[in-house]
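A.B. asks: Pasting the sequence and the predicted model now:
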Amino acid sequence: MLIPARRVPAALAAAAVLGLGTTAATAAAATTAPATGPLGPAPFSQPLAPQVSTLPNGDLLSVTGSGPAASIAVFSPDGHSVPAIRYAPNADHAYVIPNSVLASGSYDPSLYDIPALHTAVKTAAVIPHYPLHILQIGTTGLDGAPADATTFLIDADDVTKWSQPIAVAGGVGRVAVPAGHYTAFTIFDNFDPATRTDAMRVVTQTDLTVADTGVTALTADERTATSQVNATAPKPTATDSEYLSFSRMDQNHVTGSLGVISDTSIAVSPAAAPQAGGFTFQLLSWGATSPASTPQPYRYDVMFPATDHIDANQTYAVDTSKLETVHNTIDTDAGSPRRMGEYMFGPYSPATGGFQMGHVYSVPTHLTTYIGAPQDGWIWNRSVFTALPSPTGNDIPAMIMLQADRTTYSGPGEQWRTWGHGPMTAQVGQYKDGTSCRACADGSTVDLGVNPFVDSEPDTTSLFLGPATGHTTIYRDGTQVFSQDNTSGAELTGQAQTPGTYRLVFDLDLSRFPITQSTATHTDLTVPYTPKANPDWNLPAADYCGAQGGGTTPCSILPVLNLGYRLATDDTNTSHGPVQTLDLQVGHQSYSGVGANARATGATVSVSFDKGATWTKATVVPTFDNHFLALWPNSGPKGGTPWLKVGATDALGGSITQTVANAYTIG
């Protein structure tokens, strides 16, 4: 997995990076940037690749970020995303349980408690003990017979007192809990492994009192979950994802939560607001897809406001006046073993994290998405797998996830976006919305890094699931100051406050992925540096700068060159015709239009049809506004995958050279 290094003092710059072979010296000297912001993990503090672990049932849990703010997704061993519940009764426990496990009726809930989602690592502090009293749970299914279920409690007096799911087998469960007031959620899940669909029902009791004498009975009847949660949209749809959020605030104003996710409509029982304390219920995400016969697929993803109770009427109407239409073109690799990709979408909150569900489509495709306005401080996260691997048993699937750093919802109107149009290269990026600076300086602290895998959109970022390998080397005035495997940048402190030059060399190898295009890249960047920052390059306040630390002065955006590739290929990145063209934009990293805008002084393009053994120069002519048109004959064999070598310079003395192995396919 590729990660950007945390802050590394100059004297220790070549030592191990935190998180990959940490040494005592680097750990003692390092300082950590804030772990997350409104738009998720920031560079130089979190892995660019998610943490992937195997759950006890064999599913794969992907965690991006850490703690309650992390965003998660669950995948079956073949790489398809699957629904799960996310239960965070308090800060010290967070469970992720796939729906198929809930439906099994027999499992150990403690094995699904995920430490990476806890607020903090547990210490050896004294754990308080409370007198415990018996709660007996009786569950009845749709047929009137005893039924398997799982009950989730949130302590309304003090959420820290209870922290475990309660698996109820055969209709009866007994558990010892502290006396007091609770809200109880009992989930009945009838998961069909053949069709991988759920018939899920949630029974809620907002006011449950566990007595301090005798046995308290809790009865949950699946037949009371009579309210089917659904929404109506202007076009014909079928519900394919729902995310219901339940939360309960205790007397200390601390909240426990339960997120219930399904790929079909969920039924709930009506419930009144509790007699005391806060309670919220929210259809946090409703997703629906077009009928299977639709020539051009479309989908809706909409969020609705929270309430303090659960109404009997759970049919929602989509407000078409607030929808944003996004026209997605999803390209793929001509040599992909499966013409299947996955569009991932879901809500995210800095307080409680997020969950993304995937929707599989044949690729290449044009997918129109209608996105509703976020509610109550939430935002939308979206990403795309442009291809899915063939099933590989229990091995971690090798997948490349492309993400848009641009805000997913920007208001009623239209967006157009292309995913996966190559060649895929490492770039610093150009961003329209608040994000994290990839290469910025603040005094003697310098952040210098790249996004390792960028398509033709200038604000793309990427995450890898699988065997991606890379290496970053950084030089200051010809002297190596950093070198580390599996990184895409570093934060250097104690840098000399004199004019100089930085050089970053980044290599990425994806040859073990099931792809035939852009399998490896080599990027060599030269960046002029001056301690006297250009005020025109001050990072906008809406963006985050890891180099700034606790300072108050704005960071300075470094004048790092950024290349924009517009290769004339189709939606399988395949070229047709005897002559190949490339519209190359030579620019710089920018944030809301702020950054260096120095003139490009030249560009070169070469092509190799023999895997880099020999190179042929392309004809390159300047066109307009730092764009260059490159032309060369497609003289390789049909099915061949030429390599490209591109270079550019600017008036500030900066330069970039990139080599892309197997940049496209000749048709």
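C.D. replies: Happy to help now that I have it. Numbers count the residues shown, from 1 in each chain.

A.B. asks: pretty sure Ser511 contacts Ser518?
C.D. replies: No. Ser511 is beyond contact range of Ser518, at 10.5 Å (criterion: Cβ atoms under 8 Å). For the C-beta atoms, the positions are set from N, CA and C on the backbone; glycine is no exception.

A.B. asks: So which of these two has more stuff around it?
C.D. replies: Ser518 (26 against 12; other Cβ atoms under 10 Å).

A.B. asks: Contact partners for the residue nearest to the more buried one when sequence neighbours are not counted?
C.D. replies: Nearest non-adjacent residue to Ser518, counting by Cβ to Cβ, 6 or more residues apart in numbering: Met424, 3.8 Å away. If you count contacts by Cβ atoms under 8 Å, 6 or more residues apart in numbering, Met424 has them with 453-455, 517-518, 521, 660.

A.B. asks: Now do the SS call for Tyr565.
C.D. replies: strand (DSSP: H, G, I helix; E, B strand; the rest coil).

A.B. asks: what packs against the strand or helix carrying Val607?
C.D. replies: If you go by DSSP states H and E, Val607 is part of strand 600-608. Contacts defined by 3 or more Cβ pairs under 8 Å, 6 or more residues apart in numbering; DSSP states H and E place strand 600-608 against strand 579-588, strand 616-617, strand 619-622, strand 627-633, strand 643-650.

A.B. asks: Starting from it, tell me which strands it pairs with and how they run.
C.D. replies: strand 616-617 (antiparallel), strand 643-650 (antiparallel) (DSSP bridges).

A.B. asks: out of the ones you listed, which comes closest to Asp143?
C.D. replies: strand 643-650 (64.0 Å; Cβ to Cβ).

A.B. asks: Could you check what's spatially nearest to Gly180, not counting adjacent residues?
C.D. replies: Asp157 (4.3 Å).

A.B. asks: do the same with Gln282
C.D. replies: Gln282's closest residue in space is Ala306 (Cβ to Cβ, 6+ apart), at 3.9 Å.

A.B. asks: Tell me how many other residues crowd that neighbour.
C.D. replies: Ala306: 16 neighbours (other Cβ under 10 Å).

A.B. asks: So it versus Val260, what's the distance?
C.D. replies: 14 Å (Cβ to Cβ, to the nearest Å).

A.B. asks: Equivalent analysis for Leu402, please.
C.D. replies: Applying Cβ to Cβ to Leu402 and Val260 gives a distance of 28 Å.

A.B. asks: Please apply the same query to Ile666.
C.D. replies: 49 Å.

A.B. asks: the more surrounded of these two?
C.D. replies: Neighbour totals were compared for Ile666 and Val260, and Val260 leads with 27 against 20 (other Cβ under 10 Å).

A.B. asks: Is that one within a helix or a strand, and which one?
C.D. replies: Here Val260 is assigned to strand 255-262, by DSSP H and E.

A.B. asks: Show me what the mean pLDDT comes to for the helix or strand that that strand is followed by.
C.D. replies: Per DSSP H and E, the first helix or strand lying C-terminal to strand 255-262 is strand 267-268. Averaging pLDDT along strand 267-268 yields 98.

A.B. asks: Tell me the helices and strands packed up against strand 267-268.
C.D. replies: strand 197-210, strand 227-228.

A.B. asks: Starting from that strand, tell me which strands it pairs with and how they run.
C.D. replies: strand 197-210 (parallel), strand 227-228 (antiparallel).

A.B. asks: picking that back up, go through the helices and strands packed on strand 600-608 and pick out the most buried.
C.D. replies: strand 643-650 (a mean of 23; mean count of other Cβ atoms under 10 Å).

A.B. asks: Nice, that's everything, thank you.
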